[in-house]
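> Build me a model from this:
(4 chains)
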2 protein chains.
Amino acid sequence: MTMLRNTRQRQAVLEALRDTRTHPDAAWLHQAVRRQLPSISLGTVYRTLDALVRDGVAVTIESAGQATRYDFRHDEHHHAVCRHCGAIFDVAVRDVPRPKPEALPGGFQVADVRLEFHGICAACQLSEANRHGEASTTTP
Amino acid sequence: MTMLRNTRQRQAVLEALRDTRTHPDAAWLHQAVRRQLPSISLGTVYRTLDALVRDGVAVTIESAGQATRYDFRHDEHHHAVCRHCGAIFDVAVRDVPRPKPEALPGGFQVADVRLEFHGICAACQLSEANRHGEASTTTP
DNA sequence: CTACTTGCAAAGATTTTGCACCTCA
DNA sequence: TGAGGTGCAAAATCTTTGCAAGTAG
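As a prediction, this is how the structure comes out:
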């Protein structure tokens, strides 16, 4: 089996992710971590995030055509994603019902349940109402 | 306002998507539609899929680092995604509970609820058990 | 007619990888 | 010391876009 090492790079990425509530993407985290470790590469950030996700320490939030964003797994919660500006909000929903076993494909082993509410955030509803169209893109 | 035209390309993409249960990606659909319209371009497929999604006729299923996959919106159903091979299965779960209004960010307007079960499908559990490791990647 | 569409090809963006050099355990 | 990890830069993917030419209404 492979052994995971505890390197400064991994520490830094983990801490940066844990201390952020903006559901950042890899590039954002890379910039953030550079303040501590100026030489860390984007590739390492990706590799670290991969490991965190595989370990179940973090989860990903994907939006079509956008960079994957990462979320440190605090308590059970889910996400509201704004179609307009891409903002991601935490939503406290506990006890999401699992489907009846017969609804799942035979033998499928569920490791993770994701519930996402897609729609338009308040700010974007306003800007839509005013100037008729146009998107204000708020990236992490 | 812009008016949507009914072109052969759009017809073909819509039909190809409607008649498929594999949750295909854009490239797969492009190949499929080429049998009818050999000259259709991948760009057009992407543009058409975009329109279908905006119209609510289709939904996307994103997996980190993978091509976005598309699903014609039949009845209310959700998805089980295999981490190993990427296969996507339909799961019949009706009446997914909406969060209490106060759980959502103020004023957020929900347009779409997505529930995804991530895990390992039966086939991949077997191949994991046998040869200890290794992934069989089944792309659409 | 003419505003919307398409094909094409090039540009963009995101993510992965090979390799030689480090470094934690 | 040696199995992992890192940096760098190039490559691989996936998706979007500008533009000239086509076409539905």
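> Tell me which residue is most central in chain A.
For chain A, the residue nearest the mean C-alpha position is A:Tyr70 (2.7 Å; Cα atoms, centre = their mean).
> tell me the secondary structure for it?
strand (DSSP: H, G, I helix; E, B strand; the rest coil).
> Quick check: closest non-adjacent residue to it.
Spatial nearest neighbour of A:Tyr70, excluding adjacent residues (Cβ to Cβ, 6 or more residues apart in numbering or on different chains): A:Ala58 at 5.2 Å. Glycine gets a C-beta too; all of them are placed from N, C-alpha and C.
> So what does the one you found have for phi and psi?
Backbone dihedrals for A:Ala58, given as degrees, to the nearest 10, come out at phi -130, psi 160.
> Neighbours of it, how many?
20 (other Cβ atoms under 10 Å in any protein chain shown).
> wait, is A:Leu115 part of a strand?
Yes - A:Leu115: assigned to a strand according to three-state DSSP.
> For it, list each beta-bridge partner.
Here A:Leu115 sits in beta bridges with B:Leu115, going by DSSP bridges.
> ok, it - contacts?
Counting by Cβ atoms under 8 Å, 6 or more residues apart in numbering or on different chains, A:Leu115 touches A:His78, A:His79, A:Val91, A:Val93, A:Val96, B:Val96, B:Val113, B:Arg114, B:Leu115, B:Glu116.
> Just name the closest of those to B:Leu49, please.
B:Leu49 lies nearest to B:Arg114 out of those, by Cβ to Cβ, at 16.9 Å.
> residues near the closest residue to the closest one other than its chain neighbours, how many?
In this structure, B:Arg114 finds its nearest non-sequential neighbour in A:Glu116, 4.5 Å apart by Cβ to Cβ, 6+ apart. For A:Glu116, the neighbour count with other Cβ under 10 Å is 20.
> Quick check: A:Glu116 touching B:Val110?
No - using Cβ atoms under 8 Å, A:Glu116 and B:Val110 do not qualify as a contacting pair, with a distance of 9.9 Å.
> Residues that sit against both of those two, list them.
By Cβ under 8 Å, 6+ apart, the residues touching both A:Glu116 and B:Val110 are A:Ala80.
> circling back to that earlier point, who wins for most neighbours among the contacts of A:Leu115?
Neighbour-wise, the contacts of A:Leu115 (other Cβ under 10 Å) top out at A:His78, 22 neighbours.
> If it is in a bridge, with which residues?
A:Val91.
> which residues sit in contact with it?
With the criterion set at Cβ under 8 Å, 6+ apart, A:His78 makes contact with A:Asp90, A:Val91, A:Val93, A:Val96, A:Arg114, A:Leu115, A:Glu116, A:Phe117, B:Pro99.
> name the element A:Asp112 belongs to?
Here A:Asp112, judged by DSSP states H and E, is contained in strand A:109-120.
> and the residue nearest to A:Tyr70, how far is that from B:Ser41?
38 Å (Cβ to Cβ, to the nearest Å).
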